[in-house]
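Colleague: My questions are about this predicted structure, shown below with the sequence.
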Amino acid sequence: MTENKEKKAAMVLASLYGDAFALGPHWIYDQAAIRQNFGDIRELTEPLPNGYHQSKHRGDFTHYGDQTLFLLKEIIGNDGFDLQTVKKQWADYMTDYTGYLDNASRRTLKNVADAKPDPVGSPSHDLSAAGRIAPFIYHYDDDERLLQKVEEQTRMTHNNDEVVETALYFSRVCVQVLAGVPIKDAVLQQLDQVTLNEVRELIDQGIKAADKDSIEALKAFGTTCAVAHSLPGTVQIILHHHDNLTDALSANVMAGGDSAARGLIIGAVLGAALSPDKAIFQAMSSYREIELLLQ
């Protein structure tokens with residue numbers, strides 16, 4: 001495996017690890033309750049009973065991570081992303097899915113069943129679809145093709161311009177980081193490429209808060225699924241903890257809310273820069289399967 005592929009593989013693993021790291025406290029919005037139930041989280045955790053992920057166990061993914069792994073399998077197995085093929089496979093996969101089924105997935109499944117024209121995605125403004133970029137960056141070396149496919153997959157479930165713009169932004173950031181550009185420089189340089197003023201302003205909020213305590217910063221931004229709340233916090237954590245993946249993911253989950261969507265992106269960006277020791281990823285239930293895919 002070439003050095004670039006090794007870095008890309010680390011990016012994919014770190015992105016999925018960011019999702020798995022969030023499984024236990026995912027969608028708990030009370031920061032005090034997270035600390036009371038889990039302590040200071042520095043590793044993967046078991047989800048609480050009767051929560052959103054009660055069918056899951058330590059090392060598993062949330063529904064976000066499961067869909068990201070699904071995309072990785074489809075892209076590698078088919079040597080690329082073909083929207084019509086993946087849309088059908090995704091609908092079959094999600095129809096039989098036993099984990100949590102979010103509103104965006106439910107609405108998209110109905111659109112597919114009703115044979116709605118593309119893009120079939122829901123209008124959801126949730127960050128989660130922008131977190132599924134790592135498999136695309138892993139496969140595509142041509143930037144133009146990469147961004148085209150990232151937009152197609154985002155609109156497949158989230159036909160929302162802000163979510164698409166966010167996915168494209170972080171894809172560009174990851175590409176630069178993989179090429180050796182420091183994280184802070186990539187985050188700033190790619191801000192100029194953002195075409196939607198709303199998204200640019202949200203990213204800028206995160207940049208301006210980079211030196212603040214992450215948990216307090218995210219409490220102020222809000223920690224819901226919506227891009228308007230989740231994007232500034234994602235940027236803030238990436239910048240504040242740019243040199244330590246575990247610190248970044250710990251701050252992310254201790255801040256509460258939709259930490260799994262943020263975790264996918266934080267893991268991808270930091271994984272692309274740091275190429276972490278793969279030993280930390282072995283606690284993921286799907287680690288061996290992912291390793292075989294990335295060979």
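Modeller: Looks like it arrived, so ask away.
Colleague: give me the low-pLDDT residue ranges for the stretch 151-295 of the chain?
Modeller: Of all residues in the stretch 151-295 of the chain, none has pLDDT under 70.
Colleague: Show me the helices in it, by range?
Modeller: Under the criterion DSSP state H, counting those that start in this stretch, the stretch 151-295 of the chain contains helices at 161-178, 183-189, 197-208, 214-221, 227-240, 245-255, 259-274, 287-293.
Colleague: Most tightly packed of the ones you listed?
Modeller: Comparing the helices of the stretch 151-295 of the chain by mean neighbour count (mean count of other CB atoms under 10 Å), helix 259-274 comes out on top with a mean of 29. C-beta coordinates here come from the backbone N, C-alpha and C atoms, glycine included.
Colleague: before we move on, the earlier item: okay if I get the helices of the stretch 151-295 of the chain as CSV plus distance to Ile133?
Modeller: Formatted as CSV, the helices of the stretch 151-295 of the chain follow (distance: least, CB to CB, whole Å):
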stretch, distance to Ile133
helix 161-178, 5
helix 183-189, 14
helix 197-208, 15
helix 214-221, 21
helix 227-240, 12
helix 245-255, 17
helix 259-274, 6
helix 287-293, 16
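Colleague: what's the closest of the ones you listed to Phe61?
Modeller: Nearest of the helices of the stretch 151-295 of the chain to Phe61, taken as CB to CB: helix 259-274 at 8.3 Å.
Colleague: Pull out the CA atoms of that closest one and give them to me as PDB.
Modeller: Once non-C-alpha atoms are left out, helix 259-274 reads as follows in PDB (Å, rounded to 0.1, in the frame of the first residue of the first chain):
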ATOM      1  CA  SER A 259     -21.700  13.800  18.700                       C
ATOM      2  CA  ALA A 260     -21.800  10.900  16.200                       C
ATOM      3  CA  ALA A 261     -22.200  13.200  13.200                       C
ATOM      4  CA  ARG A 262     -19.500  15.600  14.500                       C
ATOM      5  CA  GLY A 263     -17.300  12.600  15.300                       C
ATOM      6  CA  LEU A 264     -17.300  11.300  11.800                       C
ATOM      7  CA  ILE A 265     -16.000  14.600  10.500                       C
ATOM      8  CA  ILE A 266     -13.500  15.300  13.300                       C
ATOM      9  CA  GLY A 267     -12.100  11.700  13.000                       C
ATOM     10  CA  ALA A 268     -11.700  12.100   9.200                       C
ATOM     11  CA  VAL A 269      -9.800  15.400   9.400                       C
ATOM     12  CA  LEU A 270      -7.600  14.500  12.300                       C
ATOM     13  CA  GLY A 271      -7.000  11.000  11.000                       C
ATOM     14  CA  ALA A 272      -5.900  12.400   7.700                       C
ATOM     15  CA  ALA A 273      -3.300  14.500   9.500                       C
ATOM     16  CA  LEU A 274      -2.100  12.300  12.300                       C
END
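Colleague: That helix to helix 161-178, inter-axis angle?
Modeller: On the basis of axes from the mean of the first three to the mean of the last three CA atoms, to 10 degrees, helix 259-274 is oriented at 30 degrees to helix 161-178.
Colleague: Could you look up the SS state of Asp40?
Modeller: With DSSP: H, G, I helix; E, B strand; the rest coil as the basis, Asp40 sits in coil.
Colleague: pLDDT wise, what is it at?
Modeller: Note on Asp40: pLDDT of 98.
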